[in-house]
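Novice: Here is the input, now give the coordinates:
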Amino acid sequence: MGRRTIALPFLLVLITGLFLQVKKEVNWIQPPSQKGVSTIPSISFDEILTASKEVPEAEISTWEDIDRLDVRPDKGIVKVRAVNRWEIQVDAETAEVLQVAYRRSELFESLHDGSWFHDSAKLWVFLPSGIVVTILWITGMYLFFVPYLAKKRNKRRLEERRAEGTNI
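Specialist: Model (predicted):
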């Protein structure tokens, strides 16, 4: 039971970490950012909410249905993330909806850090698992390099004895 307690969370961290590494390359995980008309945001919060309400998948009717706004001035967009994980990209000047897509990266992040299961799972399962795996990595690296270091040390001693002219 003890090994599985460490192995399963660690395996989940490894697998979700791989998905998070490629999230910008895989549109299924994170929708690509669109380009707006201008790099100077000029729409109001009311216009952002109105544009978001027009997207039925997002199920937005009030600000409580919005998880966050991600303003990208360099791209001229505002990303509206609904509580239900749908992302709406709104042009920051015209308030036109540029893209609607389901965003899975937050799901992978919550699985990766353990918060998907429960907030205490982060501290009481995933953190100890990470500490144990880190200790295993450190001791594994030590055991991997010890023979090489011993061989190098023995070779140096042998060379010193030869230089001294000691019979070996």
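
Novice: Is there a neighbour count for residue 76? I'd like the number.
Specialist: 23 (other CB atoms under 10 Å). For the C-beta atoms, the positions are set from N, CA and C on the backbone; glycine is no exception.

Novice: Quick one: residues contacting it.
Specialist: Applying CB atoms under 8 Å, 6 or more residues apart in numbering, one finds that residue 76 lies in contact with 35-41, 91-93.

Novice: Any stretches of the protein with poor pLDDT?
Specialist: Low-confidence segments of the chain, defined by pLDDT under 70: 1-5, 166-168.

Novice: Of the contacts of residue 76, grab the buried ones for PyMOL.
Specialist: Buried residues among the contacts of residue 76 (16 or more other CB atoms under 10 Å), as a PyMOL selection:
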select buried, resi 36+41+91+92+93
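
Novice: Now residue 50: closest residue in space that isn't a chain neighbour?
Specialist: Nearest non-adjacent residue to residue 50, counting by CB to CB, 6 or more residues apart in numbering: residue 95, 7.2 Å away.

Novice: what about that neighbour, is that helix, strand or coil?
Specialist: coil (DSSP: H, G, I helix; E, B strand; the rest coil).

Novice: count of residues packed around it?
Specialist: Neighbours of residue 95 using other CB under 10 Å come to 18.

Novice: how about it, what does it touch?
Specialist: Neighbours of residue 95 in contact, by CB under 8 Å, 6+ apart: 43, 47-48, 50-51.

Novice: Which of the residues you listed sits closest to residue 69?
Specialist: residue 48 (6.8 Å; CB to CB).

Novice: Can I take it that the closest one is in a helix?
Specialist: Yes. Under three-state DSSP, residue 48 falls within a helix.

Novice: list the contacts for it?
Specialist: 69, 78, 80, 90, 95.

Novice: so how far is residue 118 from residue 81?
Specialist: 22 Å (CB to CB, to the nearest Å).

Novice: Please identify which of those two sits among more neighbours.
Specialist: residue 81 (18 against 11).

Novice: Quick check: beta-bridge partners of that one?
Specialist: Beta-bridge pairing for residue 81 (DSSP bridges): residue 68, residue 87.

Novice: Verify the stated contact: it with residue 71.
Specialist: No. At 11.9 Å, residue 81 does not count as touching residue 71 under the criterion of CB atoms under 8 Å.

Novice: Identify the residue nearest the residue nearest the centre of the chain in space, chain neighbours excluded?
Specialist: Nearest residue to the geometric centre of the chain (CA atoms, centre = their mean): residue 20, 4.6 Å. Leaving aside its sequence neighbours, residue 20 sits nearest to residue 108 (CB to CB, 6+ apart; 5.5 Å).
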